[in-house]
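In: Predicted model and sequence follow; I will ask about them next.
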Amino acid sequence: MSLQQQLIENLNSLSPSHLEVINESSGHGGYYPGKESHFKVVIVSEAFEGLRAVQRHQKVYACTQNLLSAGGGHIHALALHTYVPSEWVGRVPESPNCAHAPKG
């Protein structure tokens, strides 16, 4: 099973009303076809109600620690965009360009 699919399965434990897991590995240095190392997560969940951003991120990390580099996994970077339903405007934030991205 791909890392992207494993992320989705782990994050479903937060009962999201919206979930996007985007593999952004191709925009980073050292990329090769099929590499999974950099992801952007956009998640909307009632589980974040009343929590500050850092607390929301901690909830996500708790669900995904087995996939992150420090936890023995292979995900190097995880950009998190966490919302409660009343905050969600339906737009995925743009990601900045990586300084080490392959040059076209």
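Out: That came through, no problem. Numbering: from 1, shown residues only.

In: Show the low-confidence segments of this protein, by residue range.
Out: 27-35, 70-73, 96-104 (pLDDT under 70).

In: Spatially central residue in it, please.
Out: Closest residue to the average C-alpha location of the chain: Val41 at 2.9 Å, with Cα atoms, centre = their mean.

In: what about Val54, which SS state?
Out: Following DSSP: H, G, I helix; E, B strand; the rest coil, Val54 is assigned to helix.

In: hang on, the earlier thing: name the residues linked to the residue nearest to the centre of the chain by a beta bridge.
Out: Counting by DSSP bridges, Val41 forms beta bridges with Val21, Leu80.

In: which residues touch it?
Out: Leu7, Leu11, Leu19, Glu20, Val21, Ile22, Val60, Leu78, Ala79, Leu80, His81 (Cβ atoms under 8 Å, 6 or more residues apart in numbering). For glycine as for every other residue, the C-beta is placed from the backbone atoms N, C-alpha and C.

In: could I get the residues you listed as TSV with neighbour count and distance to Met1?
Out: Output for those, formatted as TSV (neighbours: other Cβ atoms under 10 Å; distance: Cβ to Cβ, whole Å):
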residue	neighbour count	distance to Met1
Leu7	23	10
Leu11	19	14
Leu19	16	17
Glu20	13	18
Val21	19	13
Ile22	14	17
Val60	21	19
Leu78	19	18
Ala79	14	22
Leu80	16	21
His81	17	24
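
In: wait, which of the residues you listed is closest to Val92?
Out: Glu20 (6.2 Å; Cβ to Cβ).

In: Hmm, Leu11 and the closest one touching each other?
Out: No - applying Cβ atoms under 8 Å, one finds Glu20 not in contact with Leu11, separated by 10.0 Å.

In: which residues do the two both contact?
Out: By Cβ under 8 Å, 6+ apart, Glu20 and Leu11 have these common neighbours: Val41, Ile43.

In: Please enumerate the helices of this structure.
Out: Remark: helices assigned in the chain by DSSP state H are 3-11, 53-64.

In: tell me the most buried of those?
Out: helix 3-11 (a mean of 17; mean count of other Cβ atoms under 10 Å).

In: just so I have it, where are all the strands in the protein?
Out: 18-23, 38-44, 77-83 (DSSP state E).
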